[in-house]
Structures are given as C-alpha cells and as structure tokens.
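A.B. asks: Following is a predicted model, sequence given first.
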Amino acid sequence: MKHSELRRGNWVICNENSVGQITHIHLQTEPAGAWPIVAIGCIHYYPFDLKPVCITEKWLNKLGFTIKERWPSQSGDYFFRPDRKVKIGISTRYGNTISLNNEDDPDIYMISYVHELQNLYKDMTGETI
C-alpha cells in the first residue's frame, strides 16, 4: 500500500491472516534517508508490507452500517449507519460506491477497500469510523 493513502485508524491486513488498526504513522530516519513507518499497536510495518481489507457486508456491519435496503432493481444493496448521513452501495454488477445520503451533493465515489471507505467517510462528514 502507499503511505499517502493511509490514515490513523484505518483497518489493514498486516500479516497473512491478521487485520489491525493503524495507531501511528511516522518517519524512520537514518543517515541514508527517511522512510514512512506505520504502527499497529506496538509493531511497526513499512506501508508496502500492508494489504487493504476488501469491503464485505461483515466489514460494513463492523463499521456500523447495519441498516440494509435492497435496490429496486434487485442488483445490489444500500447500507446505512443509524444516522443515515452516508450510503454505501454494494453490487456485484456495478461495484461498490459511497455517497452522502442527500440530493444536494451528487458526488458518488467508487471504492473497493475498507480504508477507502474510512477516508472518504471522514472527508464527507468530518467524523471517523
């Protein structure tokens, strides 16, 4: 993964079967240069050693998106948190999307990974999940 796409609080795969939440992002400096380091708890990783977590219904529920509404076309579902500020569209035919749940903001973003959802949610609402 790229250092620039990660934020504190993002969920990532840090080992083959281990998922962790980023607690710190900082630079490791040495006479030869500086490299970004990502901390998950007390263990440090280089960003390129981490892998993104794919969005699934299980992950949406873990992040609080527990309200599910079937699309009229039956080709996907919308997921909402109880405040219904943001809607997540999940479709095997059209892909995954995130947007504000109102008519005033027509922006819709394509997403594939949990960290993308977290980052866009924060950009849209100012709140972290």
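C.D. replies: Right, received. Where do you want to start? Numbers count the residues shown, from 1 in each chain.
A.B. asks: Just the buried residues of the longest helix along the chain, please?
C.D. replies: Secondary structure of the chain per DSSP state H: the longest helix is helix 114-125. The neighbour-count check on helix 114-125 (16 or more other CB atoms under 10 Å) flags 114, 115, 116, 117, 118, 119, 120, 121, 124 as buried. Placement of C-beta: from N, CA and C, glycine included.
A.B. asks: Quick one: mean pLDDT over that helix.
C.D. replies: Taken as a whole, helix 114-125 has an average pLDDT of 95.
A.B. asks: wait, which of the buried residues of helix 114-125 is closest to residue 105?
C.D. replies: Of all these, residue 105 sits closest to residue 124, with 8.1 Å by CB to CB.
A.B. asks: Now the residue nearest to the closest one when sequence neighbours are not counted. Its backbone dihedrals?
C.D. replies: Spatial nearest neighbour of residue 124, chain neighbours left out: residue 100 (5.6 Å); criterion: CB to CB, 6 or more residues apart in numbering. Dihedral pair for residue 100: phi -70, psi 150, per degrees, to the nearest 10.
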